[in-house]
Each structure stands twice: as C-alpha cells, then as structure tokens.
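Undergrad: sequence first, then the predicted structure:
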Amino acid sequence: QVQLVESGGGLVQAGDSLRLSCEASGRMLDIYIMGWFRQAPGKEREFVAGINWSGRDTNYANSVKGRFTISRGNAKNTVYLQMNSLQPEDTAVYYCASRRAGSVWSTNLNEYDYWGQGTQVTVSS
C-alpha cells in the first residue's frame, strides 16, 4: 500500500508560480513512476506530467510543456511540480499518482495504482 499526500495548492494570479509537493509513504516498489494529473470542473482528469524512479525521464502534456517542471527528491519518495506562468485554464484539482511499473510515456490514468486526495489550484485572471 502507498499513501500519497499533496500540498502546495492555492489561489494565485495569472503569471504567478506555485510548487506542488507529493509525499509518498509505504512500499517504495509502488512508486517507480510518479505523476501529476489534474481535473477541472466539468472535465475529465488529464495527465500533466510524469517522472521515473531516477528522475532522468520525464514527460509533459503539451499544454504545460515549458511552463511546468516535475522533479523527484533525493529520497525518491517526494515528487514536486513547479508551475510557472500559471494561467486561468490551469485551474483544477491536482492529483499525485504512482505506479509500480511501466513508462513515463504512458499518460493513461487507469495505469496508475495509487492516488492522493488532490490539492486545489485556482488561477485568477
């Protein structure tokens, strides 16, 4: 079992930055791949970014490429999402997720095994 706890969400203005954190506890084998997804009101949950165990491989949705950066802490059980140049369309609940195998290139949320409770990010114009 893995528990994922997100933090760092909040209300910001367009152009501002935020850093989300996700701390995992439990079996380390189950956090080989970690990712961030988001869900806006009335929309489906979508992939934002993913990172592998070493941190060398990362993948981003086109909508956030160049603005968001995913990274992994030295202890490997914490993943961060640095979000710069935030826009109102980035408003959503952001979820941390993990999976025990596979590739960062897969953006299918059904392939992730564990999920956090989510943290709200609101960007005002």
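TA: On my side now, so go ahead. Residues are numbered from 1 along each chain as shown.
Undergrad: contact partners for the spatially most central residue of the chain?
TA: Centroid-nearest residue in the chain: Trp36, 1.9 Å away (criterion: C-alpha atoms, centre = their mean). The contact partners of Trp36, by C-beta atoms under 8 Å, 6 or more residues apart in numbering, come to Leu20, Cys22, Val48, Ala49, Gly50, Ile70, Val79, Leu81, Tyr94, Tyr95, Cys96, Ala97. C-beta coordinates here come from the backbone N, C-alpha and C atoms, glycine included.
Undergrad: if we use 6 Å, what do you get?
TA: Applying C-beta atoms under 6 Å, 6 or more residues apart in numbering to Trp36 gives the contacts Val48, Ala49, Leu81, Tyr94.
Undergrad: helices - which of these land there?
TA: Applying DSSP state H to the contacts of Trp36, no entry is found in helices.
Undergrad: make TSV from the residues you listed and add distance to Gly102, neighbour count and pLDDT to it.
TA: What follows is the contacts of Trp36, written out as TSV (distance: C-beta to C-beta, whole Å; neighbours: other C-beta atoms under 10 Å; pLDDT from 0 to 100):
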residue	distance to Gly102	neighbour count	pLDDT
Val48	17	24	98
Ala49	15	25	98
Leu81	19	26	98
Tyr94	21	23	98
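Undergrad: show me where the chain has strands.
TA: Listed in chain order, the strands of the chain (DSSP state E) span 2-7, 10-13, 18-26, 33-39, 46-51, 58-60, 68-72, 78-83, 92-99, 114-115, 119-124.
Undergrad: just so I know, which of those strands lies nearest Trp105?
TA: Ranking the strands of the chain by proximity to Trp105 (C-beta to C-beta) places strand 58-60 first, at 5.6 Å.
Undergrad: got the contact list for the closest one?
TA: Ala49, Gly50, Ile51, Ile70, Val104, Trp105.
Undergrad: mind listing what's buried along it?
TA: By neighbour count with 16 or more other C-beta atoms under 10 Å, strand 58-60 contains the buried residues Asn59, Tyr60.
Undergrad: and for stretch 114-125?
TA: Across stretch 114-125, burial judged by 16+ other C-beta under 10 Å covers Tyr114, Trp115, Gly116, Gly118, Thr119, Val121, Val123.
Undergrad: now, among the residues you listed, which is nearest to Ala40?
TA: Taking C-beta to C-beta as the measure, Ala40 lies nearest Val121 of the buried residues of stretch 114-125, at 9.9 Å.
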